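**Q** 3D model of this:
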Amino acid sequence: MPKRNSNRAYKRGEAHRDARLFLIVTEGEREDRYFSWFDRKNQRIRVQLVPRQGQASAPKHFLHRLDQFLDDSGADVQMEDSVWFVLDVDAWSRESIDELVAACNQTPNWHIAISNPCFEVWLNMHKGPLPDNDEDCAALKTMLGSRLHPGGFHPNVICPLIEDAIKYAKEADTHPNQSYPDRMQTKVYLLASSVLAVLGQNWR
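**A** Purely as a prediction, here's the structure:
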């Protein structure tokens with residue numbers, strides 16, 4: 001894990017702006033499309049997705065992607081903003097994920113939202129709790145199409161149900177004080193709750 005300055009991502013002494021920035025690093029396009037749907041839903045929020053670098057999506061690349069983005073863009077990230085890393089566990093070792101968890105624990109306003117085994121657990125939560133059976137990611141994607149939308153994932157259909165997803169994901173979380181969720185659980189509700197706390201009621 002690279003050496004980090006705990007204030008690396010933040011600019012001090014700048015004029016306060018009304019909008020809160022969520023700077024989000026994800027594995028895939030589906031996650032990007034989901035969270036970007038909330039960008040500028042009202043004047044209180046901005047959502048910015050950190051671009052991927054080719055096919056590099058492993059947890060070890062997340063920190064490098066963030067550093068590269070901050071260096072290249074000169075992003076206006078202030079102390080009231082937050083950085084979120086959103087990832088799955090289906091393709092990565094626990095050790096590689098733990099390195100990213102450690103970086104978040106060491107850096108103010110950095111957070112991690114893990115889904116086990118994949119982001120489709122979170123998406124399915126928008127329609128209610130998941131069945132008790134243990135599904136793989138392919139089955140969860142198929143389930144998403146049958147439960148929510150015939151074409152599978154569609155932000156305009158799924159994203160407005162975010163409050164329901166938070167409720168069901170939070171109820172399913174058997175270890176709320178840990179970063180790593182059990183199988184068929186997700187911590188994305190933590191990020192979603194933060195987004196809604198900023199948005200308030202005036203966003204639909």
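
**Q** Look up how far residue 168 lies from residue 121.
**A** Distance check for residue 121 against residue 168: by C-beta to C-beta, to the nearest Å, it reads 10 Å. C-beta coordinates here come from the backbone N, C-alpha and C atoms, glycine included.

**Q** and if you look at residue 118?
**A** Distance, residue 118 to residue 168, by C-beta to C-beta: 17 Å.

**Q** the more surrounded of these two?
**A** Neighbours of residue 118 and residue 168, each counted by other C-beta atoms under 10 Å, are more numerous for residue 118; the result is 23 against 19.

**Q** and the one residue sitting closest to the centre of the chain, what pLDDT?
**A** By C-alpha atoms, centre = their mean, the mean C-alpha position of the chain lies nearest to residue 86, the distance being 3.7 Å. Per-residue confidence (pLDDT) for residue 86: 96.

**Q** Surely it is in contact with residue 188?
**A** Yes - because the distance of 6.6 Å satisfies C-beta atoms under 8 Å, residue 86 is recorded as touching residue 188.

**Q** residue contacts, residue 51?
**A** In this structure, residue 51 makes contact with 65, 69, judged by C-beta atoms under 8 Å, 6 or more residues apart in numbering.

**Q** quick one: the strands in the protein?
**A** With DSSP state E as the definition, the chain shows strands at residue ranges 20-26, 45-49, 82-88, 110-116, 185-186.

**Q** Just put those strands in JSON lines and tack on distance to residue 200.
**A** Listed next are the strands of the chain as JSON lines, based on distance: least, C-beta to C-beta, whole Å:
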{"stretch": "strand 20-26", "distance to residue 200": "11"}
{"stretch": "strand 45-49", "distance to residue 200": "9"}
{"stretch": "strand 82-88", "distance to residue 200": "17"}
{"stretch": "strand 110-116", "distance to residue 200": "20"}
{"stretch": "strand 185-186", "distance to residue 200": "24"}
